[in-house]
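Enquirer: build me a structure from this.
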Amino acid sequence: QVQLVESGGGLVQAGGSLRLSCAASGSIGIINYMGWYRQAPGKQRELVAVITSSADTDYADSVKARFTISRDNVKNTLYLQMNSLKPEDTAVYSCNVGGTSQWGRGYDYWGQGTQVTVSS
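Expert: Here you go, the predicted model:
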């Protein structure tokens with residue numbers, strides 16, 4: 001089992017910044033990818049950003065140049081620095097982690113989600 005604990009969400013005015021964190025613990029083994037997804041009310045969940053074990057990153061077009069994904073491999077923690085926030089960024093943000101446990105089994109886990117609300 002892998003446990004994911006997210007933090008950093010909240011209410012911010014448009015143009016402001018927030019930093020999300022997702023700490024992984026448990027039978028982590030080797031983490032292959034870590035990512036952030038978001039789901040706004042009435043909309044499907046969408047990928048925000050992802051980072052691989054080789055530090056390759058990919059972003060949704062809507063957040064490029066505003067958001068930065070990073071990871072601390074020692075702390076097994078994922079971050080999302082969100083700048084120049086817009087009201088349309090309002091959503092529940094969830095982290096997703098995939099890897100291979102120390103017993104050689106693949107896994108894919110989700111965090112509980114953290115609310116980000118951007119006021120206009």
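Enquirer: who's in contact with Tyr33?
Expert: Contacts for Tyr33 (CB atoms under 8 Å, 6 or more residues apart in numbering) come out as Val50, Ile51, Thr52, Ser53, Asn96, Val97, Gly98, Gly99. All C-beta atoms are positioned from the backbone trio N, CA, C, and that covers glycine.
Enquirer: would the first one count as being in a strand?
Expert: Okay, so that is Val50. Yes: looking at Val50 with DSSP: H, G, I helix; E, B strand; the rest coil, it is inside a strand.
Enquirer: show me which pair in the contacts of Tyr33 is furthest apart.
Expert: The distance between the two most remote of these (CB to CB) is 14.3 Å, for Ser53 and Asn96.
Enquirer: look at those two and report which has more neighbours.
Expert: Asn96 (19 against 14; other CB atoms under 10 Å).
Enquirer: number of nearby residues for Ile51?
Expert: Neighbours of Ile51 using other CB under 10 Å come to 22.
Enquirer: where do the strands sit along this structure?
Expert: 2-7, 10-13, 18-26, 30-39, 46-52, 57-59, 67-72, 77-82, 91-100, 106-110, 114-119 (DSSP state E).
Enquirer: which residues touch the fifth one?
Expert: It refers to strand 46-52. 32-39, 57-60, 63, 67-71, 78, 80, 93.
Enquirer: got a list of what the residue positioned nearest the centre of the chain touches?
Expert: Centroid-nearest residue in the chain, with CA atoms, centre = their mean: Trp36, separated by 2.7 Å. Neighbouring residues of Trp36 by CB under 8 Å, 6+ apart: 20, 22, 47-50, 69, 78, 80, 93-96.
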